[in-house]
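**Student:** sequence and predicted model, in that order:
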Amino acid sequence: PSLKDVFAGQFKLGTALLVNEIKNPNGPDAELVRKHFNSLTAGNELKWDATEPAEGQFNFTAADNIVNFAMDNGIAMRGHTLVWHSQTPKWVFYDSNGNLASKELLYARMKKHIDAVVGRYKGKIYAWDVVNEVIEPGDKKPGGLRNSLWYQIAGEEFIEKAFIYAHEADPDAKLFINDYNTNDPVKRQFLHDLIKRLKAKGIPVDGVGHQTHIGIEYPRVQELDDMIEAFRDLGIDQQITELDMSVYTNDTDAYETFPTELQIKQANRYREIFDVFRKHADQISAVIFWGKDDLNTWLRTFPVVRNNWPLLFDERLQAKYAYWALVDPSKVP
Ligand code: G3I
């Protein structure tokens, strides 16, 4: 069965991929995407370092390939991401003398970039991660904005500008603030209050994106339930934007093959988590995996190079117990 059909009427079911995964639009990888997913995210190709590596020099070849693939196949396209501290070229933050750019210069560059990228895909990209990971990770400085170059130059206002420019470039696109570990109570509260502040000022924020890179044990299912529930009072859209589940609980273990008992554990955990998403389907418009199969996953290079099996399809694109747990749990031993 097709995943997107199983969840039809509840939320979109999506995947992220890199352009090389669909270089053959008739190959098995593309076929898998067509069959199961109705939302697509580019893993790297719409980021600033890909689209505008040097000032004013735009390169949309890879991004166009992915967006065209989505359009040709009736798949809704998500935009990831406009303003981030990572995968953003150095020149964005410095002037011609090598000093930190002024706020004015930074905003001029931001506006030009957003106009070009959002404008190019106006009407094609239904949702944008306007800002990504702007909250300081909980283990560093709980409950504050990340001390990025964006923040150092412009303070909290850079977030407002990013949303305003994105809305001007495509008034119909849904605009998201995206972050990880949003189940962490301190980070979650800060994010909630930030969105509340932005909305009170009339900033066009439509939704919150929960990356949801999780592990085989943590966060607990109840914490994911609380994570969604915590944003209900804001009346905003919510998306699970980058879901995957590492099979490890630390950075040192490494399995040669995927132990059967862990496969079953992963499947059952996926089922419980999707029960939570289903329960909150009135608040969640899409659930998107960060990758489609266990070969093409960032978790095979991060935090260390090792095998990992975080997704629903294995290295040979075969359905795992994790897949069956979502479409027919009776098939999970
Ligand atoms: O393209 C080069 C290749 O030529 C080279 O041989 C290879 C050797 O390392 O590197 C390749 O580039 C890598 C690129 O992914 C393409 O695979 C970069 O080193 C690597 O840093 C880059 O990682 C990406 C990462 O973001 C960078 O921050 C991952 O693919 C991408 O999945 C990941 O996505 C992020 C989201 O944007 C935000 N949330 C977290 C998520 C996972 O980290």
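**Tutor:** Perfect, thanks for sending it. Numbering: from 1, shown residues only.

**Student:** show me which residues of this structure sit near the ligand.
**Tutor:** Contacts of the chain with the ligand, taken as CB under 6 Å from any ligand atom, map to G43, N44, S86, Q87, N132, Q211, E242, W298. All C-beta spots, glycine's among them, are computed from the backbone N, C-alpha and C.

**Student:** now V287, nearest residue through space, not along the chain?
**Tutor:** In space, and not counting its chain neighbours, V287 is closest to I240: 4.4 Å by CB to CB, 6 or more residues apart in numbering.

**Student:** any low-confidence regions in the stretch 1-150 of the chain?
**Tutor:** 138-142 (pLDDT under 70).

**Student:** now the helices for it?
**Tutor:** Residue ranges of the helices in the stretch 1-150 of the chain, as given by DSSP state H, counting those that start in this stretch, are 3-6, 28-36, 48-51, 61-72, 103-120, 149-154.

**Student:** so which of those is nearest K331?
**Tutor:** helix 3-6 (13.2 Å; CB to CB).

**Student:** who's in contact with the residue lying closest to I114 once chain neighbours are set aside?
**Tutor:** Once flanking residues are discounted, I114 sits nearest to Y165: 4.2 Å by CB to CB, 6+ apart. Contacts for Y165 (CB atoms under 8 Å, 6 or more residues apart in numbering) come out as M110, K111, I114, D115, V118.

**Student:** can you redo those as a markdown table with neighbour count and distance to N20?
**Tutor:** Formatted as a markdown table, the contacts of Y165 follow (neighbours: other CB atoms under 10 Å; distance: CB to CB, whole Å):
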| residue | neighbour count | distance to N20 |
| --- | --- | --- |
| M110 | 21 | 29 |
| K111 | 17 | 32 |
| I114 | 24 | 27 |
| D115 | 15 | 28 |
| V118 | 23 | 25 |
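
**Student:** give me the residue from this protein nearest the ligand.
**Tutor:** For the chain, the residue closest to the ligand is W298, as judged by CB to the nearest ligand atom, at 3.9 Å.

**Student:** got the contact list for the top helix by length along the chain?
**Tutor:** Criterion DSSP state H: the longest helix present in the chain is helix 260-279. Helix 260-279 is contacted from outside by 7, 10-11, 214, 216, 221, 224-225, 228, 240, 245, 247, 255, 284, 287, 309, 312, 320-322, 324-326, 329, 332-333, using CB under 8 Å, 6+ apart.

**Student:** and what of stretch 194-204?
**Tutor:** For stretch 194-204, contacts defined as CB under 8 Å, 6+ apart pick out 134-135, 145, 156, 159-160, 163-164, 166-167, 175, 177, 205, 208, 231, 234, 236.

**Student:** out of the helices of the stretch 1-150 of the chain, which gets nearest to W128?
**Tutor:** Among these, helix 103-120 sits nearest to W128 (CB to CB), with 6.5 Å.

**Student:** so which residues make contact with the closest one?
**Tutor:** Residues from elsewhere that reach helix 103-120, judged by CB under 8 Å, 6+ apart: 46, 48, 51-52, 55-56, 58, 60, 79, 82-83, 92-93, 95, 101, 125, 128, 150, 153-154, 157-158, 161-162, 165-166, 168-170, 173.

**Student:** list buried residues within those residues.
**Tutor:** Applying 16 or more other CB atoms under 10 Å to these, the neighbour count classes 46, 48, 51-52, 60, 79, 82-83, 92-93, 101, 125, 128, 150, 153-154, 158, 161-162, 165-166, 169-170, 173 as buried.

**Student:** so which of the residues you listed are in strands?
**Tutor:** Residues from the buried ones among the contacts of helix 103-120 lying in strands, with DSSP state E as the criterion: G79, L82, V83, I125, W128.
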